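*Asks:* sequence and predicted structure below; questions after.
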Amino acid sequence: MATGDTQKAKGLTGPSLVEEIGRYFKGDLIVKEDMSLHTTLRIGGPADIFAIPKDVLSLKYLLMYLSEKGIPVTIIGGGSNILISDHGIDGVVISSQSLTRVEIIERADTFSRLFVESGTPLQSLLNISKQEGLSGLEGLVGIPGSLGGAVKGNAGSFGIEIGDVIESIAVMDLKGNISIIEKEEAKFGYRSSGIPEGFVLSVIIRLKRDDPQEVSKRMSIHLEEKRERQPISLWSAGCVFKNPEGVSAGRLIDEAGCKGMRRGDIEVNEKHANFFINKGRGNASDFIALMDEVKARVFTSFGIELEPEIRILGKGC
Ligand code: EPU
């Protein structure tokens, strides 16, 4: 598309774009939606349009339309590992929150296989695994967000990672084409994956059969440990920085004397220093300033450069 056309497409105002898309799209299209309503940090300015497709066909139509018009697309899941700019996000933010189908597709003696759509909250999946007596996800108890986000970032805790239980992933690229990625191709690493750019639609996971009470017991133990060590009920984006090889970023931040450091309403948590808490009216620029300050202190103390684990999105970021 020529630059002039791109500019014209970008110039489409929210409501007229909504009218045009709405002809073939099932779901919600919200103009100037405040993204702070959709992040666990409760931070983020408005998206030009916030789209919640009800089904995969509507998503396909939307992505085809937006790519043809050159309109920027941002995909979010449960909003748990992201920091969104105070100035918001250009274009269309697409949420997976309505794609929540879960089906047990095979019940064998020693394992079960499940089809899970990407918008399914991770904790709903854990509840199903508890009820069904399926083991493999216990370490992920208490982690907020959706399955899609967890899979893209290979979420992990207590020695397990979501990538461990994945068999395959269905991804729709930004032009609306679907492909199936096998586990080996997904290249899961520490808090990372090589899943191609696009929208994770669903995954097939394989869990071991176990006694429901044993699964439940392990989840309770992990949850208790998590409550003791992490501020899980406060507004945060989870761990802010990745752990450098062989050492906890939280410990480094703590030992650099950063606990309790504050910028505006954003504070380095006293319980676990790798969590930055929004105390009420926190904003993204204070959050980023605090990240920079903490990074600098850790570098001065230990000569180690921390790398963000959270995704920073939106205008000016
Ligand atoms: N520690 C401190 N001060 C702190 C925090 C931790 O001294 O403020 C010490 C602890 O006492 C402990 C060590 O550091 O001796 C490790 O701490 P912890 O067990 O809490 O683990 P972590 O390495 O800090 C990682 C993950 C967490 C995950 C936990 C539990 C990362 C960046 N963090 O934290 O994941 O829940 O292990 O398995 O990989 C996340 O990714 O968002 C996250 C929270």
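*Replies:* That came through, no problem.
*Asks:* pull the contacting residues for the nearest residue to residue 157 once chain neighbours are set aside.
*Replies:* Spatial nearest neighbour of residue 157, excluding adjacent residues (CB to CB, 6 or more residues apart in numbering): residue 139 at 4.9 Å. The way it works is simple: take the backbone N, C-alpha and C, and place the C-beta from them, glycine included. Applying CB atoms under 8 Å, 6 or more residues apart in numbering, we find residue 139 in contact with 156, 157, 158, 159, 160, 222.
*Asks:* repeat for residue 190
*Replies:* With contacts defined as CB under 8 Å, 6+ apart, residue 190 is in contact with 154, 156, 242, 243.
*Asks:* neighbour-wise, give me the winner out of those.
*Replies:* Of these, residue 154 is surrounded by the most neighbours, 20 neighbours in total, counting by other CB atoms under 10 Å.
*Asks:* which ones are touching that residue?
*Replies:* Neighbour list for residue 154: 161, 162, 163, 188, 189, 190, 191, 192, 193 [criterion: CB under 8 Å, 6+ apart].
*Asks:* now do 7 Å
*Replies:* Neighbouring residues of residue 154 by CB atoms under 7 Å, 6 or more residues apart in numbering: 161, 162, 163, 188, 189, 191, 192, 193.
*Asks:* buried members of these into PyMOL, please.
*Replies:* To isolate the buried ones among the contacts of residue 154 in PyMOL, judged by 16 or more other CB atoms under 10 Å, type:
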select buried, resi 161+162+163+188+191+193
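*Asks:* closest one of the contacts of residue 154 to residue 126?
*Replies:* residue 162 (10.9 Å; CB to CB).
*Asks:* surely the closest one and residue 145 touch.
*Replies:* No: using CB atoms under 7 Å, residue 162 is not in contact with residue 145; the gap is 10.6 Å.
*Asks:* on that earlier part again, Throw the contacts of residue 190 into CSV and include secondary structure and distance to residue 315, thanks.
*Replies:* Conversion of these to CSV gives the following (DSSP: H, G, I helix; E, B strand; the rest coil; distance: CB to CB, whole Å):
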residue, secondary structure, distance to residue 315
154, coil, 28
156, strand, 31
242, coil, 25
243, coil, 30
